[in-house]
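1. output the structure for:
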Amino acid sequence: MKIGLVIVMRIGLVIVMRIGLGIVMKIGLVIVMKIGLVIVMRIGLDIVMKIGLVIVMRIGLDIVMRIVLDIVMKIGLVIVMRIGLVIAMRIGLVIVMRIGLGIVMKIGLVIVMKIGLVIVMRIGLDIVMKIGLVIVMRIGLDIVMRIVLDIVMKIGLVIVMRIGLVIAMRIVLDIVRKIWASYCYEDWATYCY
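-> Numbering: from 1, shown residues only. Next up is the predicted model:
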């Protein structure tokens, strides 16, 4: 029992941490932060949280990545960075934490259960299935969730800030245009044109 549990816990955690984090960082962050945030800014957090995952899975990653990168590269981010930091940080953290954790928990459980069952069948199904799986799943998920949260919080803020700033800049430009237009309609403002 002791040898079986040690082997299951060590192998399971190592594989989950390497494979799970690699997949989540490459796929989860790109999809969630580039697609999810654009939809959230326009439609609303409530709708995106329910429909976002379905839309992300159906839309091709290659097309989305190219379109988003082209838009971000063309629009000036320097002016917007000072205005949109507060909005991007608050919305981005909520989305990344909720969607990222869901993906990690699903992937981690599948990997741990598959690896654990192979080792358990060789050592003894009756003993390990009752004790080993419970311990591995609880300890493995705690470690994965803590590590992923730290990585997602650091990387998420950078990407979220850049995408959020684009929308913030549009809002500022609309406000400036409205103020300038109302000012120029005055009779004495002859030098506007």
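
2. do you know how far residue 13 is from residue 6?
-> Distance, residue 13 to residue 6, by C-beta to C-beta, to the nearest Å: 11 Å. Yep, even glycine has a C-beta here, placed from its N, CA and C like the rest.

3. mean confidence score for whichever helix in the chain runs longest?
-> The longest helix of the chain (DSSP state H) is helix 125-184. The pLDDT scores in helix 125-184 average 76.

4. mind giving me the packing neighbours of that helix?
-> helix 2-15, helix 21-23, helix 29-31, helix 37-43, helix 61-74, helix 78-81, helix 85-123 (3 or more C-beta pairs under 8 Å, 6 or more residues apart in numbering; DSSP states H and E).

5. now do the second one, average pLDDT.
-> Just to be clear, that refers to helix 21-23. The predicted confidence, averaged over helix 21-23, sits at 69.

6. coming back round to it: lowest average confidence across the helices and strands packed on helix 125-184, which one?
-> In terms of mean pLDDT, the lowest-scoring of the helices and strands packed on helix 125-184 is helix 78-81 (a mean of 54).

7. now do the buried residues in stretch 137-156.
-> 137, 140-141, 144, 148-149, 152, 156 (16 or more other C-beta atoms under 10 Å).

8. and for stretch 7-14?
-> By neighbour count with 16+ other C-beta under 10 Å, stretch 7-14 contains the buried residues 7-9, 11-13.

9. can I get it as PDB, trimmed to CA atoms?
-> Provided in PDB are the C-alpha atoms of stretch 7-14 (Å, rounded to 0.1, in the frame of the first residue of the first chain):
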ATOM      1  CA  ILE A   7       4.500   5.800  -6.900                       C
ATOM      2  CA  VAL A   8       1.000   6.900  -7.900                       C
ATOM      3  CA  MET A   9       1.300  10.300  -6.200                       C
ATOM      4  CA  ARG A  10       4.800  11.100  -7.600                       C
ATOM      5  CA  ILE A  11       4.200   9.900 -11.200                       C
ATOM      6  CA  GLY A  12       0.700  11.400 -11.300                       C
ATOM      7  CA  LEU A  13       1.700  14.800 -10.000                       C
ATOM      8  CA  VAL A  14       4.700  15.100 -12.200                       C
END
